[in-house]
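Student: no FASTA, just this:
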RNA sequence: GGUCUGUUCGUCUAGGGGUUAGGACACCAGAUUUUCAUUCUGGUAACACGGGUUCGAUUCCCGUACAGACUACCA
């Protein structure tokens, strides 16, 4: 097998979405598995859609996801530049080469003329409403115009494009690593513009030329490119590069969780989950879209989740580190059908990965949140809290959000518990308990529990009957981690204070 | 409309001519936790439809339906 050289080639038209990360990931996995090269090429041939900051965003997103670029924008390499706008001069010569060989031609049609043609074809109910072998002879191009007229036009300032002259009736075979052989008749392929009137190449030309020059071995990209793959094959053929054509693999699409259609920002917004790896602020509208990172997803969890959307190892193992993914990955095991995006599964992966983290690291998450709230806390205390919270959290921020009561005494109490459970017995026990605590120097989970049982027995009430109310008085909420350990973390004085406040505030329902 | 690609539990998927069609997420129930979460156990739930081929088809073939992508001087 030849050297594996794969590329991820996004265009900087906005935030990279999660499907892009998956495409990059699959490329990366293949590259790593075969000790190949992962290339990042920026396809910025559409000047009109260029979005400032998008390229930087792509770089940062890949880096956060753990997808390392070996060659390309940001790192350089032997085939630089890797930004297509900087390669502008390269493409024209290949377009010219095609013109000379009779496989491409100049076209001078205006936008209005093109519209008119499409409209006319639509009225005729033609199957093929494209600029193609069926229509090209009715248009204004170097095939229909006299030679001297063409050279006049080329010399003048009149804008023109170079179109690919697709053969009339030829079966084009695209062999795809995922879908097998796909055969399309060339009559279905239109005479795509290769060079735009602004002197920039279109995706099709730039893509083929760069993949050839950069010695790309595998083109792994989304399924939306499958329809234009025959065009690319034809391009390789007429450019004389057929033998060095890369292998193609068209990935199944990521679909909306509900209903139909491919995953979109709109759909993600509606369902309330992120679609971008990092938070993105649109430079135009200033609209902010929260990223996976900022929502608390760990990169390794997101990668694991993404890897499984359209691929599986064929075993029952689900948790895979990047290294394990590299070893297990194979193009053959990529599925054909689109995968609906299920955020629940992503959350599950996140939970699994969060749990695997050492407690010291978890404590840092909590400490970070606390810093934002201007609350001080020792690392030891933070670690203790995380240790009893870790089985109940999905995201790093949950330590703070679900554990606020460790730092802030409840001002209000869960009404449903209070109305049901707060009674004379509770008041009796807790009042006695509060006093009993005063005689203790310090409390830990064991002594707190022993004291409670002792008090309860003395008053003649089972502890089980008052636990819920007790919890509410301490945390304000109806549920939470082990109460006795919570008491220990809070410390004797704080517990007494909170009991006092609760006993004062809460009234027994009559 | 045309071209192309798909279709196994709600979701991600394994499987493959003869299987009790397997796993995971989600969901439900029980146990544990005096709460909730975790954990454990169990459960509901799928081969789109119609024809072939075959002793036998969910698996192979052909149609149909449905879905998706594409159909720009966007990528």
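Tutor: That came through fine. Everything quoted here is computed from the prediction, not taken from an experiment.
Student: Any idea what residue A:5 is bridged to?
Tutor: For residue A:5, the beta-bridge partners are residue A:37 (DSSP bridges).
Student: Can you give me the distance of it to residue A:30?
Tutor: Per CB to CB, to the nearest Å, residue A:5 is found 10 Å from residue A:30. The C-beta positions use only the backbone N, C-alpha and C, and glycine is treated the same way.
Student: which neighbours do the two share?
Tutor: Residues touching both residue A:5 and residue A:30 (CB atoms under 8 Å, 6 or more residues apart in numbering): A:36, A:218.
Student: ranges for the strands of chain A?
Tutor: For chain A, applying DSSP state E gives strands covering A:5-8, A:37-40, A:71-72, A:104-107, A:161-164, A:171-176, A:180-185, A:193-195, A:218-222, A:247-251, A:254-255, A:280-281, A:288-289, A:339-340.
Student: JSON lines for those, including distance to residue A:211, mean neighbour count and mean pLDDT?
Tutor: Output for those, formatted as JSON lines (distance: least, CB to CB, whole Å; neighbours: other CB atoms under 10 Å; pLDDT from 0 to 100):
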{"stretch": "strand A:5-8", "distance to residue A:211": "7", "mean neighbour count": "26", "mean pLDDT": "98"}
{"stretch": "strand A:37-40", "distance to residue A:211": "10", "mean neighbour count": "24", "mean pLDDT": "98"}
{"stretch": "strand A:71-72", "distance to residue A:211": "13", "mean neighbour count": "22", "mean pLDDT": "98"}
{"stretch": "strand A:104-107", "distance to residue A:211": "18", "mean neighbour count": "23", "mean pLDDT": "97"}
{"stretch": "strand A:161-164", "distance to residue A:211": "16", "mean neighbour count": "24", "mean pLDDT": "98"}
{"stretch": "strand A:171-176", "distance to residue A:211": "14", "mean neighbour count": "16", "mean pLDDT": "95"}
{"stretch": "strand A:180-185", "distance to residue A:211": "18", "mean neighbour count": "13", "mean pLDDT": "94"}
{"stretch": "strand A:193-195", "distance to residue A:211": "15", "mean neighbour count": "24", "mean pLDDT": "98"}
{"stretch": "strand A:218-222", "distance to residue A:211": "6", "mean neighbour count": "22", "mean pLDDT": "98"}
{"stretch": "strand A:247-251", "distance to residue A:211": "10", "mean neighbour count": "22", "mean pLDDT": "97"}
{"stretch": "strand A:254-255", "distance to residue A:211": "24", "mean neighbour count": "22", "mean pLDDT": "94"}
{"stretch": "strand A:280-281", "distance to residue A:211": "28", "mean neighbour count": "19", "mean pLDDT": "96"}
{"stretch": "strand A:288-289", "distance to residue A:211": "31", "mean neighbour count": "15", "mean pLDDT": "95"}
{"stretch": "strand A:339-340", "distance to residue A:211": "26", "mean neighbour count": "16", "mean pLDDT": "94"}
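Student: Save these as CSV, and put in distance to residue A:59 too.
Tutor: Converted to CSV, these look like this (distance: least, CB to CB, whole Å):
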stretch, distance to residue A:59
strand A:5-8, 11
strand A:37-40, 8
strand A:71-72, 10
strand A:104-107, 35
strand A:161-164, 32
strand A:171-176, 29
strand A:180-185, 33
strand A:193-195, 29
strand A:218-222, 19
strand A:247-251, 22
strand A:254-255, 22
strand A:280-281, 13
strand A:288-289, 18
strand A:339-340, 26
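Student: Tell me who's in contact with residue A:100.
Tutor: No contacts exist for residue A:100 under CB under 8 Å, 6+ apart.
Student: What pLDDT does the model give it?
Tutor: Residue A:100 is assigned a predicted lDDT (pLDDT) of 97.
Student: gap between it and residue A:93?
Tutor: Distance of residue A:100 to residue A:93, given as CB to CB: 10 Å.
Student: Turn the strands of chain A into JSON lines, including distance to RNA strand B.
Tutor: Shown next, in JSON lines, are the strands of chain A (distance: least, CB to the nearest atom of the strand, whole Å):
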{"stretch": "strand A:5-8", "distance to RNA strand B": "11"}
{"stretch": "strand A:37-40", "distance to RNA strand B": "13"}
{"stretch": "strand A:71-72", "distance to RNA strand B": "14"}
{"stretch": "strand A:104-107", "distance to RNA strand B": "8"}
{"stretch": "strand A:161-164", "distance to RNA strand B": "5"}
{"stretch": "strand A:171-176", "distance to RNA strand B": "8"}
{"stretch": "strand A:180-185", "distance to RNA strand B": "4"}
{"stretch": "strand A:193-195", "distance to RNA strand B": "4"}
{"stretch": "strand A:218-222", "distance to RNA strand B": "8"}
{"stretch": "strand A:247-251", "distance to RNA strand B": "8"}
{"stretch": "strand A:254-255", "distance to RNA strand B": "6"}
{"stretch": "strand A:280-281", "distance to RNA strand B": "17"}
{"stretch": "strand A:288-289", "distance to RNA strand B": "19"}
{"stretch": "strand A:339-340", "distance to RNA strand B": "3"}
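Student: so what's the residue sitting furthest away from the middle of chain A closest to, chain neighbours aside?
Tutor: Residue farthest from the centre of chain A, counting by CA atoms, centre = their mean, is residue A:458 at 59.3 Å. Nearest residue to residue A:458 in three dimensions, chain neighbours excluded: residue A:432, at 6.9 Å (CB to CB, 6 or more residues apart in numbering).
Student: What about that neighbour, how many residues nearby?
Tutor: With neighbours defined by other CB atoms under 10 Å, the count for residue A:432 comes to 18.
Student: That one contacts residue A:459, doesn't it?
Tutor: Yes. Using CB atoms under 8 Å, residue A:432 is in contact with residue A:459, at 5.8 Å.
Student: Poorly predicted segments of the stretch 201-350 of chain A, please.
Tutor: A:259 (pLDDT under 70).
Student: near RNA strand B, which residues of it show up?
Tutor: Taking CB under 7 Å from any atom of the strand, the part of the stretch 201-350 of chain A that reaches RNA strand B is made up of A:202-203, A:223-228, A:252-253, A:255, A:257, A:260-262, A:308-310, A:312, A:314, A:316, A:318, A:333, A:335-340, A:342, A:344-345, A:347-348.
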